[in-house]
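In: Here is my input; please provide its structure:
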Amino acid sequence: MNKGLILAVVTGAASDIDVLETALALSRIHESHIEVLHPRLDPYRVLAGFIDGVNSLGTSDIVNGITQDIARRHQLAHNAFNAWVARRGMRLGAELGRGKAGVPSASWRQYEGTYEGAMTQYGRLADFLVVAQPGSGGRGTQDAVVEAAIFDTGRPVLCVPAGVRHVDPKSVAIMWNGSLEAARAVGDAMPLLAACGSAVVVTAGQSEGADPTDLVERLVVRGIEARTKRVNSPQDLTPAALVDVLEEGDFSLVVMGGYGHCRLREMILGSFTRQMLAEAKIPVLLAH
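Out: I've put the predicted structure just below:
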């Protein structure tokens, strides 16, 4: 019987296979069914952001082009899902309590509307979400997917770098500053931390709340081998510096808070979180 539910978000991009394979690896650790979600955008909502000043003929042409691109992405995402299911010999459907033991199961979901609507409807019901790594520019499709996953679900989100097709919690880095976001990330990551070989709490400067040594003590109580690692100063705590720390430590997973700020009544990723996600070469688990 499956004990959890993982939501893997596919967009018709080349990264879909990375998301699917990582979700499968996570499902084996977390004993979970995998729901694969394709958010199919409403072309008129896509157009709404830049419709001013476009005449009716131009609008029609733009809508047709957007509609064709949406249909193309949908077909690519669905083809990737079907090929993955066939290659992995997976059970189709969400019969969580049935089927042959040890055989993973998956189901297809699609939502027509916005990324925020898709995450609200499906993401809030999952134990984990798995999404592809966003870019550094902050304006692409994947950036919108990641922001909706982090800020509209209340669930932990695993961001997968390009070319990574697994999650192995043998050595976990926890980015700790004592914030609510960091605390939520650690709490949400407990099923993975319980399976890990060791954890290192990375910190710089003073914590907002609990000291990193206190976190280490609580991890040890839970049977998790843990220690602290301090970056020299808060000024050194940059995304590039942290990526270097992760590479030096040979970590396989990062756990951190997902930070953002409000723009036009919507939450968007803060520059630190965005850069960290864009530059990380291993999966990053975030919670907001």
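
In: Flag every buried residue along the longest helix seen in the chain.
Out: Counting by DSSP state H, the longest helix found in the chain is helix 56-88. Of the residues in helix 56-88, those buried under the neighbour-count criterion (16 or more other CB atoms under 10 Å) are 62, 66-67, 70, 73-74, 76-78, 80-81, 84-85. Heads up, the C-betas are built off the backbone N, CA and C, glycines and all.

In: State the next helix or strand along the chain beyond that helix.
Out: The first helix or strand that comes after helix 56-88 along the chain, using DSSP states H and E, is strand 91-92.

In: strand partners of that following strand, parallel vs antiparallel please.
Out: According to DSSP bridges, strand 91-92 forms sheet pairs with strand 105-113 (parallel).

In: ok, which stretches of the protein are strands?
Out: Using DSSP state E, the strands found in the chain span residues 4-9, 32-41, 91-92, 105-113, 128-132, 157-160, 171-175, 198-203, 226-230, 253-257, 260-263, 266-269, 284-287.

In: out of these, nearest to residue 146?
Out: With CB to CB as the measure, strand 128-132 is the member of the strands of the chain nearest residue 146 (5.5 Å).

In: what about that closest one, average pLDDT?
Out: Across strand 128-132, pLDDT averages out at 97.

In: Dump the strands of the chain into CSV; add distance to residue 121 and mean neighbour count as well.
Out: Conversion of those to CSV gives the following (distance: least, CB to CB, whole Å; neighbours: other CB atoms under 10 Å):
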stretch, distance to residue 121, mean neighbour count
strand 4-9, 11, 24
strand 32-41, 9, 24
strand 91-92, 21, 15
strand 105-113, 6, 17
strand 128-132, 13, 29
strand 157-160, 16, 28
strand 171-175, 30, 24
strand 198-203, 33, 22
strand 226-230, 37, 15
strand 253-257, 25, 26
strand 260-263, 21, 11
strand 266-269, 18, 18
strand 284-287, 20, 26
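
In: What pLDDT does the model give residue 82?
Out: In this model, residue 82 is scored at 97, pLDDT.

In: For it, give me its contacts.
Out: Residue 82 sits next to no residue when contact means CB atoms under 8 Å, 6 or more residues apart in numbering.

In: Format the buried residues of helix 56-88 as TSV; extra columns: distance to residue 178.
Out: Listed next are the buried residues of helix 56-88 as TSV, based on distance: CB to CB, whole Å:
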residue	distance to residue 178
62	48
66	44
67	48
70	43
73	41
74	43
76	43
77	39
78	44
80	40
81	40
84	40
85	43
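
In: Considering the residues you listed, which is situated nearest to residue 17?
Out: Distances from these to residue 17 were compared by CB to CB; the smallest belongs to residue 80, at 6.0 Å.

In: For that closest one, which non-adjacent residue is spatially closest?
Out: Using CB to CB, 6 or more residues apart in numbering and skipping residues adjacent in sequence, the residue nearest residue 80 is residue 16, 4.4 Å away.

In: repeat for residue 168
Out: residue 252 (4.5 Å).

In: Next one: that neighbour from residue 17, what distance?
Out: 20 Å (CB to CB, to the nearest Å).

In: Over to residue 109?
Out: As judged by CB to CB, residue 109 and residue 17 stand 18 Å apart.

In: Let me know the pLDDT of residue 274.
Out: On pLDDT, residue 274 comes in at 78.
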